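Undergrad: Below is the structure, and that's it, no one-letter string:
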């Protein structure tokens, strides 16, 4: 992997972290100290949508971590 490619992947990773943190903040705000079983039906549906998005981004982050660290070890 070239230095340029590595920098691009690190940039992608940073973007994903920012997106993850924003979703996590939205979830925390939605929950407001409540448990999911205390949410209204509409709130729970919104929670599940946000949580799915967050989980997908986390999977992408884990993948990029492996790519970046595997290439750094070569």
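TA: Nice, thanks for sending it over. As the structure is a computational prediction, the values presented were derived from the model and not from experiment.
Undergrad: Run through this structure and note the low-pLDDT ranges.
TA: By pLDDT under 70, the low-scoring segments of the chain are 71-74.
Undergrad: Mind giving me the packing neighbours of the biggest helix by length in it?
TA: Counting by DSSP state H, the longest helix found in the chain is helix 41-72. Packing partners of helix 41-72 (3 or more Cβ pairs under 8 Å, 6 or more residues apart in numbering; DSSP states H and E): helix 3-31. In short, each C-beta sits where N, CA and C put it, glycine included.
Undergrad: The helix it packs on to helix 41-72, inter-axis angle?
TA: For helix 3-31 against helix 41-72, the angle between stretch directions is 160 degrees (axes from the mean of the first three to the mean of the last three Cα atoms, to 10 degrees).
Undergrad: Give me the buried stretch members for helix 3-31, please.
TA: For helix 3-31, burial by neighbour count (16 or more other Cβ atoms under 10 Å) applies to 9, 13, 16, 19, 20, 23, 26, 27, 30.
Undergrad: Could you double-check that the last one sits in contact with residue 47?
TA: Yes - contact status for residue 30 versus residue 47: in contact at 5.7 Å, counting by Cβ atoms under 8 Å.
Undergrad: Sweet, I'm off.
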